[in-house]
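A.B. asks: Give me the fold of what follows.
(chains A and B)
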Amino acid sequence: GQSLEQPSEVTAVEGAIVQINCTYQTSGFYGLSWYQQHDGGAPTFLSYNALDGLEETGRFSSFLSRSDSYGYLLLQELQMKDSASYFCAVKAASGGSYIPTFGRGTSLIVHP
Amino acid sequence: EAGVVQSPRYKIIEKKQPVAFWCNPISGHNTLYWYRQNLGQGPELLIRYENEEAVDDSQLPKDRFSAERLKGVDSTLKIQPAELGDSAVYLCASSPPWDSHEQFFGPGTRLTVL
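C.D. replies: Now for the predicted structure:
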């Protein structure tokens, strides 16, 4: 099976930088994705890492270390609208197909 | 471009009743997913379609859940009979054939079973 661990809640102030960690245990690993979900809304895709290293997209960056089964999402210049839940998700092989598995999510609370 | 469309947005039923959810994916997306999301949890995959073929349904409770995607476009997820524990948000997502790791989610159907 697959399992992912991420903190349940993170708080930060506007303008700050915050890092949300994700560790995973899986076989047949393809890559790690990050999604944002506001209360009552649909998850929206933020980033995907298949190879080790840092991927930057505007204020958001995502990092992956395959050897450590670890990744993180880095949010810079935090804004109030960044308050949401953030999910890491692994894409892993399963019986000739693949199953996307999501973590339980990290609730980010941004204070003014 | 229209996003993933789901209906209904909300559904309240009594236990043992049947219920169905409908999803229309983004045009050209041949991969379609159904997820269940419980409060405070991440989405849990129920079934994945490649065109009209269900390629991964290992996590679908087949005693009461069924799904179909007859023409490889729209899809329907059914529960019969519903149980109290089925209360959750049912999300549909789709992805294009050239980029399967980015999923586009619909707004979901919030099901309440009384």
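A.B. asks: which residues make contact with stretch B:32-46 from outside it?
C.D. replies: Residues outside stretch B:32-46 that contact it (CB atoms under 8 Å, 6 or more residues apart in numbering or on different chains) are A:43, A:87, A:89, A:99-105, B:23, B:25, B:47-49, B:56-57, B:59-60, B:65, B:67, B:69, B:75, B:77, B:88-95, B:103, B:108. The C-beta positions use only the backbone N, C-alpha and C, and glycine is treated the same way.
A.B. asks: For chain B, which residue gets nearest to chain A?
C.D. replies: Here the residue of chain B nearest chain A is residue B:42; by CB to the nearest CB that distance is 3.3 Å.
A.B. asks: Count the residues that sit near that residue.
C.D. replies: The burial count assigned to residue B:42 is 21, neighbours taken as other CB atoms under 10 Å in any protein chain shown.
A.B. asks: hmm, back to that, out of the contacts of stretch B:32-46, which sit inside helices?
C.D. replies: Among the contacts of stretch B:32-46, DSSP state H puts none in helices.
A.B. asks: are any of the residues you listed buried, and which?
C.D. replies: A:43, A:87, A:89, A:99-105, B:23, B:25, B:47-49, B:56-57, B:59-60, B:65, B:67, B:69, B:75, B:77, B:88-95, B:103, B:108 (16 or more other CB atoms under 10 Å in any protein chain shown).
A.B. asks: Sitting in strands, which of the residues you listed do you find?
C.D. replies: Among the buried ones among the contacts of stretch B:32-46, DSSP state E puts A:87, A:89, A:99-102, B:23, B:47-49, B:56, B:65, B:67, B:75, B:77, B:88-95 in strands.
A.B. asks: and residue A:81, that one's in a helix?
C.D. replies: Yes. Counting by DSSP: H, G, I helix; E, B strand; the rest coil, residue A:81 is part of a helix.
A.B. asks: Distance of it relative to residue A:59?
C.D. replies: From residue A:81 across to residue A:59, the span is 11 Å (CB to CB, to the nearest Å).
A.B. asks: near chain A, which residues of chain B?
C.D. replies: By CB under 8 Å from any CB of the partner chain, the residues of chain B that approach chain A are B:4, B:33, B:40-45, B:48, B:55-56, B:58-59, B:91, B:93, B:101-108.
A.B. asks: correct me, but residue B:114 touches residue B:16?
C.D. replies: No. Here residue B:114 lies out of contact with residue B:16, judged by CB atoms under 8 Å, at a distance of 10.6 Å.
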